[in-house]
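Participant: A predicted structure for the sequence below; I have some questions about it.
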Amino acid sequence: MLSVVICTHNSRPPYFSKCLEALHSQTLPLSSWELVIVDNRSDTPLADRIDLAWHPSARMIREETLGLTPARLRGIRESKGDLLVFVDDDNVLDADFLETARRTIEERPFLGSWSGQCRPAFEQPPPEWTRRYWGNLCIREFEHDVWSNLPRLPDTMPCGAGLCVRRDVAVAYLHVHESGKRSVQFDRTGTSLMSGGDNDLAVCACALGLGVGLVASLKLTHLIPPERLTVDYLARLAEGVHYSSALLDSEYGIRRDQRTALGRAADFVRIMRLREPHRRILKAAFRGRDRAVQQLLGCEAVRVGGVTQCQ
């Protein structure tokens, strides 16, 4: 059994409709997979406006704790499959996506988590200057499969859109949170642009002796509205990504020290060499990184007293 888990909060109705239509059109028979939709405290409950009668094993669950992390954890608890596929409410899966995911778990027993290609579908043509930031929008296209057992290697790191994880990996992630080993949530909550929860979930595979990877034949389309291509949004996103990345690195033993005077000077030069809007976005990225380092230094001081919760 395969479980599709969709965590959604105040979804865009046209996007979510396309997401569900693509699931309805999957080549994998409905009898081979279940659909679990976690409504993460949407202002208008999804149960009042979504018809799931087309799927014999579909369930709508309401999670009142706001945040993608609590929604994912709820989806893990509620699902039954030996393979979980996390689908965002703005993802349109290729028709063979679930069939390919199912084949991957059978043919590659060494992989614990993986994702595929994520192509963009823009409502409006994007400004060319935004292209360098598309990776932060979970856009990823490639030709060859890659994998490793290195938990923080960017080249093989799966992304949250269409993330596939074995149940053992998902259960390990659940245990990390239920045991109090995470003092922060590496996911978005409301309007926050925190990120990294997908990475944290995926790399639980490495702790189990499994690998992480990218599968070229696994494809989906990411629907992207114009407001995600503005300078303001991309700057906020860059800050959230770098803040989250520094905190997540620390969880895996990768230390980031406070910048020296030379480091601050180098950052200043890098910023001043850029034109707007790139200068503003790089400033935001550095701000996120520095904020995380300051927080980590404060946490280390607290941990000397035996407390592991960041204050």
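Facilitator: Received it, and whenever you're ready, just let me know what you need.
Participant: From Pro226, how far out is Ile254?
Facilitator: 36 Å (Cβ to Cβ, to the nearest Å). Backbone N, C-alpha and C define where each C-beta goes, glycine included.
Participant: Check Lys219 too.
Facilitator: The spacing between Lys219 and Pro226, counted by Cβ to Cβ, is 24 Å.
Participant: neighbour-wise, which of the two wins?
Facilitator: Neighbour count, other Cβ atoms under 10 Å: between Lys219 and Pro226, Lys219 has more, with 19 against 12.
Participant: and the more buried one, what element?
Facilitator: Assessed by DSSP states H and E, Lys219 sits inside strand 211-224.
Participant: Please state the mean pLDDT value computed over that strand.
Facilitator: Strand 211-224 shows a mean pLDDT of 98.
Participant: Show me which positions of that strand end up buried.
Facilitator: Buried residues in strand 211-224, defined by neighbour count with 16 or more other Cβ atoms under 10 Å: Gly211, Val212, Gly213, Leu214, Val215, Leu218, Lys219, Leu220, Thr221, His222, Leu223, Ile224.
Participant: Go ahead and measure how far stretch 127-144 is from the middle of the chain.
Facilitator: Centroid separation between stretch 127-144 and its chain, computed with Cα atoms, centre = their mean, to the nearest Å, is 15 Å.
Participant: So what are the structural domains in the chain, by residue number?
Facilitator: Residue ranges for the domains of the chain, per automatic domain parsing: 2-227, 233-303.
Participant: what's the first-to-last distance across the longest one?
Facilitator: Its start and end residues considered, domain 2-227 measures 34 Å (Cα to Cα, to the nearest Å).
Participant: hey, which of the domains of the chain is tucked in deepest?
Facilitator: domain 2-227 (a mean of 18; mean count of other Cβ atoms under 10 Å).
Participant: Quick check, Ser32 in contact with Gln26.
Facilitator: No. Counting by Cβ atoms under 8 Å, Gln26 is not a contact partner of Ser32; they are 9.3 Å apart.
Participant: what touches both of these two?
Facilitator: Counting by Cβ atoms under 8 Å, 6 or more residues apart in numbering, the common neighbours of Ser32 and Gln26 are Leu98.
Participant: Low-confidence bits of the chain, can you list those?
Facilitator: 299-311 (pLDDT under 70).
Participant: Let's see that with 90 instead.
Facilitator: By pLDDT under 90, the low-scoring segments of the chain are 47-49, 151-152, 180-196, 248-269, 295-311.
Participant: need the helices for it, in chain order.
Facilitator: For the chain, applying DSSP state H gives helices covering 13-24, 68-78, 97-107, 167-178, 197-202, 204-207, 231-251, 261-272, 278-303.
Participant: Roughly how far does the residue nearest to Leu282 when sequence neighbours are not counted sit from Ala292?
Facilitator: With Cβ to Cβ, 6 or more residues apart in numbering as the criterion, Leu282 has its nearest non-adjacent residue at 5.5 Å, and that residue is Ile271. According to Cβ to Cβ, Ile271 and Ala292 sit 18 Å apart.
Participant: what does stretch 159-175 rub up against?
Facilitator: Here stretch 159-175 makes contact (Cβ under 8 Å, 6+ apart) with 73, 76-77, 79, 81-88, 91, 93, 97, 101, 104-105, 112-116, 118, 138, 140, 158, 197-198, 200-202, 204-205, 207-208, 210, 218, 220, 222.
Participant: ok, 7 Å please
Facilitator: Stretch 159-175 has contacts (Cβ atoms under 7 Å, 6 or more residues apart in numbering) with 73, 76, 81-88, 91, 93, 97, 101, 104-105, 112-116, 118, 138, 140, 198, 201-202, 204-205, 207-208, 210, 218, 220, 222.
Participant: Same check on stretch 253-273?
Facilitator: By Cβ under 7 Å, 6+ apart, the residues outside stretch 253-273 that reach it are Arg152, Ala246, Asp249, Arg279, Leu282, Lys283, Phe286, Asp290, Val293, Leu297.
Participant: ok, now with 10 Å
Facilitator: Residues from elsewhere that reach stretch 253-273 (Cβ atoms under 10 Å, 6 or more residues apart in numbering): 151-152, 245-250, 278-280, 282-283, 285-286, 289-290, 292-294, 296-297, 300.
Participant: C-alpha coordinates for it, CSV please?
Facilitator: Only the C-alpha atoms of stretch 253-273 are listed here, as CSV (Å, rounded to 0.1, in the frame of the first residue of the first chain):
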residue,chain,number,x,y,z
GLY,A,253,27.0,18.5,13.8
ILE,A,254,27.9,21.2,11.2
ARG,A,255,29.0,24.2,13.3
ARG,A,256,28.8,27.8,12.0
ASP,A,257,30.8,30.3,14.1
GLN,A,258,30.1,33.9,14.5
ARG,A,259,31.6,36.0,11.7
THR,A,260,35.0,37.6,12.2
ALA,A,261,35.7,41.2,11.2
LEU,A,262,37.3,39.8,8.0
GLY,A,263,34.2,37.7,7.3
ARG,A,264,32.0,40.8,7.8
ALA,A,265,34.2,42.7,5.4
ALA,A,266,34.0,40.0,2.8
ASP,A,267,30.2,39.9,3.1
PHE,A,268,30.0,43.6,2.6
VAL,A,269,32.1,43.4,-0.5
ARG,A,270,29.9,40.7,-1.9
ILE,A,271,26.8,42.8,-1.3
MET,A,272,28.2,46.0,-2.7
ARG,A,273,29.3,44.2,-5.9
